[in-house]
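A.B. asks: pasting the sequence and the predicted model now:
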Amino acid sequence: MSKAIRIHETGGPAVMRWEDVDPGAPGPGEVRLQQEAVGLNYIDVYHRTGLYPLPTIPAILGLEGAGVVESVGADVSEFNPGDRVAYAGVPPGAYAEVRCMPAHRLVPLPDSIPTQQAAGMMLRGMTARYLLYGCYRVKAGDRILIHAAAGGVGSIVSQWASHLGAEVIGTVGSAEKAEIAKKNGCAHPILYGEVDFADRVKELTGGQGVDVVYDSVGQATFMKSLDCLRPMGMMVTFGQASGAVPSMDIGLLAAKGSLFLTRPSLMTYTAKREDLLAHARDLFEVVEKGAVTISIGQTYQLKDAAAAHQDLEGRKTTGSTVLLT
């Protein structure tokens, strides 16, 4: 019998249980996957706490992983047993040694990408892709602000945007994380605990503001992030690590310079098979050419997922975190 991390109620890390789970045989259009590594993401915390409700409880957490196809169900022609694959997105259920999932949500994994690296980059990397190509098309000469620049998404966005020729400004929580951000292409790391980041952004841009802000922090940074934008700039809020963004009068967007605001999700940007493959292809390309290096900051055994969640919420992690089966 294989094992998985399952929750029977929402709450703190203690609600996660290491249990025997039988994934069964793959149904039509499904594959059975022997997982080798699972990615840890902040959305897992949102699912665990109930902030983002899961379809059913009990449930297995997790939206990202990589491994080898064990068997395929009827009507699956794109994959065969032994194929290396990776995925990010719905349906949840990644915190498992073995799982069945829809074949159309998997992508073939190039030989050049190790499984552990894939598990630490698919969700964050494809998120970076839609941020940089979908929400706002970043180009050479643009100025961007990325919050949590030393984090999993922040590290990838910084490298990728720098590769595209953008000037990257980022917020970080410590001098150590500032050094990490710098190494990842963030030209101007800002220690938000020591200086007002909005004032510093205006200083760095000669009072003009940045073209786009990428904010996964939420409540603590949202309003000041708007002050960092140039007129007609784009505010992208794609997470809420500090809490939900408060309600606001949309007239504020006009008052602050006819700003644009979007709240995207990877699930929407990769809902179509062709879009999923395009996101994965572009991610693999920049990783294979060395333009983006995926930093696995720490690993845990899958059975120790509760400790990983505690460290993630305590901001003790850097880069990507991978759970090993």
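C.D. replies: Arrived safely. Please read all numbers here as calculations on a predicted model, not as lab measurements. Residues are numbered from 1 along each chain as shown.

A.B. asks: report pLDDT for Thr317.
C.D. replies: Note for Thr317: predicted pLDDT of 83.

A.B. asks: count the residues that sit near it.
C.D. replies: Residues contacting Thr317 under the criterion other Cβ atoms under 10 Å number 17. No exception for glycine: its C-beta is placed from N, CA and C like everyone else's.

A.B. asks: report the contact partners of it.
C.D. replies: By Cβ atoms under 8 Å, 6 or more residues apart in numbering, Thr317 lies in contact with Gly151, Gly297, Gln298, Asp311.

A.B. asks: same question for Val201.
C.D. replies: Leu145, Ile169, Ile190, Gly209, Val210, Cys228.

A.B. asks: swap in 6 Å and give it another go.
C.D. replies: By Cβ atoms under 6 Å, 6 or more residues apart in numbering, the residues touching Val201 are Leu145, Ile169, Cys228.

A.B. asks: the second one: what's it in contact with?
C.D. replies: Put plainly, it is Ile169. Ile169 sits next to Leu145, His188, Val201 when contact means Cβ under 6 Å, 6+ apart.

A.B. asks: now the last one
C.D. replies: Cys228 makes contact with Leu145, Ala198, Val201, Gly209, Val210, Val213, according to Cβ under 6 Å, 6+ apart.

A.B. asks: where does the spatially most central residue of the chain land on pLDDT?
C.D. replies: Nearest residue to the geometric centre of the chain (Cα atoms, centre = their mean): Arg124, 3.0 Å. pLDDT, Arg124: 92.

A.B. asks: my guess is it meets Gly152, correct?
C.D. replies: Yes - using Cβ atoms under 6 Å, Arg124 makes contact with Gly152 at a distance of 4.4 Å.

A.B. asks: quick one, strands of the stretch 101-250 of the chain?
C.D. replies: Using DSSP state E, counting those that start in this stretch, the strands of the stretch 101-250 of the chain run over 107-108, 143-146, 167-172, 188-191, 210-215, 229-237.

A.B. asks: contacting residues around the shortest one?
C.D. replies: In other words, strand 107-108. Contacting residues not belonging to strand 107-108 are listed as Ala86, Ala280 [Cβ under 6 Å, 6+ apart].

A.B. asks: same deal with the fifth one?
C.D. replies: Applying Cβ under 6 Å, 6+ apart, the contact partners of strand 210-215 are 131, 136, 142-147, 221, 225, 228, 233-237.

A.B. asks: show me where the stretch 101-250 of the chain has helices.
C.D. replies: Counting by DSSP state H, counting those that start in this stretch, the stretch 101-250 of the chain has these helices, from start to end: 115-119, 122-130, 152-163, 175-183, 197-204, 222-226.

A.B. asks: distance to Ser320 for those helices - can I get that in JSON lines?
C.D. replies: Formatted as JSON lines, these follow (distance: least, Cβ to Cβ, whole Å):
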{"stretch": "helix 115-119", "distance to Ser320": "8"}
{"stretch": "helix 122-130", "distance to Ser320": "6"}
{"stretch": "helix 152-163", "distance to Ser320": "5"}
{"stretch": "helix 175-183", "distance to Ser320": "12"}
{"stretch": "helix 197-204", "distance to Ser320": "24"}
{"stretch": "helix 222-226", "distance to Ser320": "24"}
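
A.B. asks: which residues touch the closest residue in space to Gln240 that isn't next to it in sequence?
C.D. replies: Nearest residue to Gln240 in three dimensions, chain neighbours excluded: Gly218, at 3.1 Å (Cβ to Cβ, 6 or more residues apart in numbering). With contacts taken as Cβ under 6 Å, 6+ apart, Gly218 has the following neighbours: Gln240, Ser242, Gly243, Val245.
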